[in-house]
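# my questions concern the predicted model and sequence given below.
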Amino acid sequence: MVELADQAGAGDAPAVAEAPAGPHSGTRASPIDRHVSQRIRERRVLTGQTRQQMADLTGVTYQQLYKYEHGMNRLSVGRLYDIARALETPVSYFFEGLEKPQDKDAIKRQRMCLELARNFSAIRNERCQEALSQLARALVGDEQTPAGPDSDRA
């Protein structure tokens with residue numbers, strides 16, 4: 001809208017009045033928009049792509065992709081299809097989980113998993129990645145085997 005205001009002459013009517021109203025002008029993103037945006041970001045992180053890499057694959061700018069991932073801009077069907085292809089996933093992936101609301105604990109766990117995946121992908125040393133993977137398996141094993149009084153664990 002600033003660009004329109006800069007183009008308007010001093011005696012012209014305010015450019016804001018001439019700007020077409022978008023589908024979400026003055027409103028927040030719908031729950032579906034937020035869900036799809038969140039799923040796009042999740043999938044990108046899980047595939048280990050940076051925002052810039054994904055932007056390049058889909059033909060949008062980094063800023064535009066950021067806005068898609070944060071629900072600030074709505075996606076066209078064609079753009080969602082392009083994103084799905086770049087992320088090597090079916091379009092239906094972005095709509096999975098819409099039927100059931102998530103509790104706050106599930107959302108917190110989901111964010112931790114995303115952060116873990118992002119950090120794991122950032123580890124360049126393959127031996128360190130394997131060590132971390134083994135640690136995770138060992139921790140799961142510890143939780144599944146209760147330590148009783150006869151256990152040799154301290």
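The structure has been received and is ready for your questions.
# mind checking the SS state of the closest residue to residue 87 other than its chain neighbours?
Of all residues not flanking residue 87 in the chain, residue 43 sits nearest, at 4.7 Å (Cβ to Cβ, 6 or more residues apart in numbering). (Glycine included, C-beta is placed from N, CA and C.) Under DSSP: H, G, I helix; E, B strand; the rest coil, the three-state class of residue 43 is helix.
# who touches residue 72 in this structure?
When contacts are counted by Cβ atoms under 8 Å, 6 or more residues apart in numbering, residue 72 touches 29, 66.
# which element follows the helix or strand in which residue 80 is found toward the C-terminus?
Using DSSP states H and E, the element containing residue 80 is helix 77-86. Using DSSP H and E, the helix or strand that directly follows helix 77-86 along the chain is helix 104-122.
# and residue 43, what does it touch?
With Cβ under 8 Å, 6+ apart, residue 43 has these contacts: 87, 89, 93-94.
# okay, buried residues for the helix holding residue 80 please.
Neighbour counts over helix 77-86 (16 or more other Cβ atoms under 10 Å) mark 79-80, 82-84, 86 as buried.
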